[in-house]
Each structure stands twice: as structure tokens, then as C-alpha cells.
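my questions are about this predicted structure, shown below with the sequence.
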Amino acid sequence: MISTTKHYCRFSFIGICLILMTALPAAAKDGDPLAEGRERHLNGHGFLPSFYVDDPFVSSNFQTHVGAGMAIGLKTPFTDLDGNELYVLEGDLVVASLGLGYQQKFGQKWAVGIQMAALVRAGTTAESFLTEGADLNRQGGLWAKYRLKRSDKCQLTVGLDWSYTQVIFFTPKDFARHIADGGSLEDAPLVLKNKVWTSRITANWARGFSPVFGVRVNAGFGLYEDPVTPGVSKGSHRVGILGEMDLKHTKVHLPIGVTLGYTQALPDNDPYAGQSGTLLGFWYTGKTDFVVGVETGFMKLPVANQVTDKVDALFGIFTIRYYF
């Protein structure tokens, strides 16, 4: 697909604007029976947040998160000018993330949201810092949701997600290789920048089987423009499933929720779709309008210039979400 991402992004942006124009005249009225977190309750089950598996709810809310993770066992081969492998450097990467998001409901079925986040990545040893360097990843996102169907037990929304990512790389390995190959100091690539625009069509579904148990599924299908090859578009898709249990409604009567799920990036080597793997979360469920908890997981992280195209990664994200 050539030169399609820009048109796709424009279509998504125009669609979001139209949604806003349509929804604004029908802003939510006072006394909304689904306000303050009540919309996320289906068949008595209160659904919980997730960083990777989105929910279908259109209620107004504010969210903030802080997270950290580590990619383990990076192996970067070094080659000579003829392509012969000289040696392999090994190391780990540590990642830290901070972000916040806001979603506003319009009328009874529409919602728009915005999210901003920053992620810092760096090697934990001299070897991994030399091979992988460090980078600052700044992200901005905008989305719109439409509640297509709601019943006592189920809810389905469709929507558009649009995101912009700017990555600043500090690359000591490329700098050293450039100098070793006879390049000038002025042209040495110590810092590199990438910009990526992504648009996806989304569908999110949830079903409450009982006050104790619920399941939700999400899918997003879209495109991004390859930052290395301008004008070339690639697919960037994600699917996920999450099961939830609220111990507050069991015999133990503890206001603790547990989430267990799986998320998958498609294609699985797409660095812009993110990690793929298992998710495990623990949440406080004592309030209707307030949720706090931590989500952890064991993931496969796509990386470039490695002996293998994926490495193991561990992460933990602390999230607070307030509904109003």
C-alpha cells in the first residue's frame, strides 16, 4: 500500500470532527443514570480498566498511570563492512512510562477522549547502553466511541483511534560505527528522530455473566506510515481478551478485583503495535466511581537489530481512574 496513510489519517480526523459536531448539541443532561461509573456495570459486574485491552464504555472519566518494565536478554550482533559477524553484545533494557487520559461523554451514546504519555528507555549495563542506546518516546492519542448496543448484560461500541508518536533516539553504536567508517564528526548520527501517525478502526465488547465474573474483547485495525520509508503504509492491528473476577460478590467479600487476559499485536513483528503477551491485574473495587490497581504481564517485545526479532519483557503499570 503506497501513500495511503495520510488519506487514512485525514479520513479519521474528519470522522472524529463530525462525531464531535453531531454529539455536542446532545450533551449529557444532569441526572444521567449511567454517570459516575454506573455504565461500566453489566449484570451487576463492575468492569475494570486495562492499559492494553480497551473497554466499550463511554462515560466521562479521568485516568493517570505510571509504569516500569524491563526487556531481558537483548543480543545485538556486530558485523564488519563485509557483513561478517564479529561478536554479539548482550544486555537488558529498562523502561519507565508516565501518562494521563481524559474521556468526555456527549449525549447518551458518544464519547471522545485524549491521552498523552511519555516513555523513556535505556540500557541497564554499559554493553546494552552501547548497543541499544536510549530513547524518549512521546505519544498523543485521540479517540471517539459510539455505543452501538447496550443491554443489561452486554455492551458494544465502535470507534476511531488516532495517535501520533515522536521518538528521539540516542545512538552511541551508530555514532561509533559512523566514525569508524571514516565519517565526519559533524555528520555523526548521535541523535535520531522518528515520527509515526497511526489510525485504527476499533470495536470493543463486554459481557457481564454475573456480579462476580465478566469478559471483554477488543480489536483495532488500521495503518501507519513507515518512518524509514515515507509514503509506504503498513498494517498496525491489535486484538485482546480479558476475563475479570470481583471478590466483593463472593463469600470472602473482599473489594478486590482480578483481571487475566491476553493481547496480540498484528503483525507480531510490528514495533508500533506494541507488546504481545499475558496480562494480570489486581484492583480495588470498593467504589463505583473510583478504581485503582496495578496491571502486570509477561510480554514479547519486537525489537530491531537483534539475533532474534523478539525479546522477553516484564512490566507493571499502576493506574488510577475516576468516573464522573
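Nice, I can see it. Numbering: from 1, shown residues only.

A helix includes residue 287, no?
No: the assignment for residue 287 by DSSP: H, G, I helix; E, B strand; the rest coil gives coil, which leaves it out of any helix.

which residue ranges of the protein form strands?
41-42, 45-46, 61-79, 85-106, 110-123, 134-150, 154-170, 191-208, 213-225, 233-246, 256-266, 276-284, 290-302, 310-323 (DSSP state E).

so which of those is the most surrounded?
The highest average neighbour count among the strands of the chain, using mean count of other Cβ atoms under 10 Å, belongs to strand 45-46 at a mean of 24. Heads up, the C-betas are built off the backbone N, CA and C, glycines and all.

wait, residue 249 sits on residue 212?
Yes: contact status for residue 249 versus residue 212: in contact at 4.8 Å, counting by Cβ atoms under 8 Å.

mutual contacts of these two, please.
When contacts are counted by Cβ atoms under 8 Å, 6 or more residues apart in numbering, the set common to residue 249 and residue 212 consists of residue 45.

got TSV for the strands of the chain, with distance to residue 34 too?
Output for the strands of the chain, formatted as TSV (distance: least, Cβ to Cβ, whole Å):
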stretch	distance to residue 34
strand 41-42	9
strand 45-46	13
strand 61-79	12
strand 85-106	9
strand 110-123	11
strand 134-150	9
strand 154-170	10
strand 191-208	14
strand 213-225	16
strand 233-246	19
strand 256-266	20
strand 276-284	20
strand 290-302	16
strand 310-323	10
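
so which of the ones you listed gets nearest residue 52?
With distances scored as Cβ to Cβ, the stretch of these nearest to residue 52 is strand 256-266 (4.3 Å).

paired strands for that closest one, with orientation please.
Its sheet considered, strand 256-266 pairs with strand 233-246 (antiparallel), strand 276-284 (antiparallel) by DSSP bridges.

how about CSV for those, with distance to residue 220 and mean pLDDT added?
Putting the strands paired with strand 256-266 into CSV (distance: least, Cβ to Cβ, whole Å; pLDDT from 0 to 100) gives the following:
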stretch, distance to residue 220, mean pLDDT
strand 233-246, 5, 93
strand 276-284, 14, 95
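
the ones you listed: which one's closest to residue 319?
Distances from residue 319 to each of the strands paired with strand 256-266 were compared using Cβ to Cβ; the shortest belongs to strand 276-284, at 8.4 Å.

hmm, which helix or strand of this structure has the shakiest average pLDDT?
Averaged element by element with mean pLDDT, DSSP states H and E, the chain has its least confident helix or strand at helix 5-23 (a mean of 49).

just the pLDDT at the spatially closest residue to residue 152 that is not a sequence neighbour, thanks.
The spatially closest residue to residue 152, leaving aside those adjacent along the chain, is residue 43, at 6.0 Å (Cβ to Cβ, 6 or more residues apart in numbering). The per-residue pLDDT reported for residue 43 equals 97.

ok, how many other residues are close to residue 43?
Counted with other Cβ atoms under 10 Å, the burial measure for residue 43 works out to 15 neighbours.

surely it meets residue 209?
Yes: counting by Cβ under 8 Å, residue 209 is a contact partner of residue 43 at 6.7 Å.

can you check which residues contact both of the two?
With Cβ under 8 Å, 6+ apart, residue 43 and residue 209 have common neighbours residue 153.

if we can go back for a sec, next up, phi/psi of the residue nearest to residue 152, please.
phi 60, psi 30 (degrees, to the nearest 10).

quick one: contacts for it?
Residue 43 sits next to 152-153, 207-211, 214 when contact means Cβ under 8 Å, 6+ apart.
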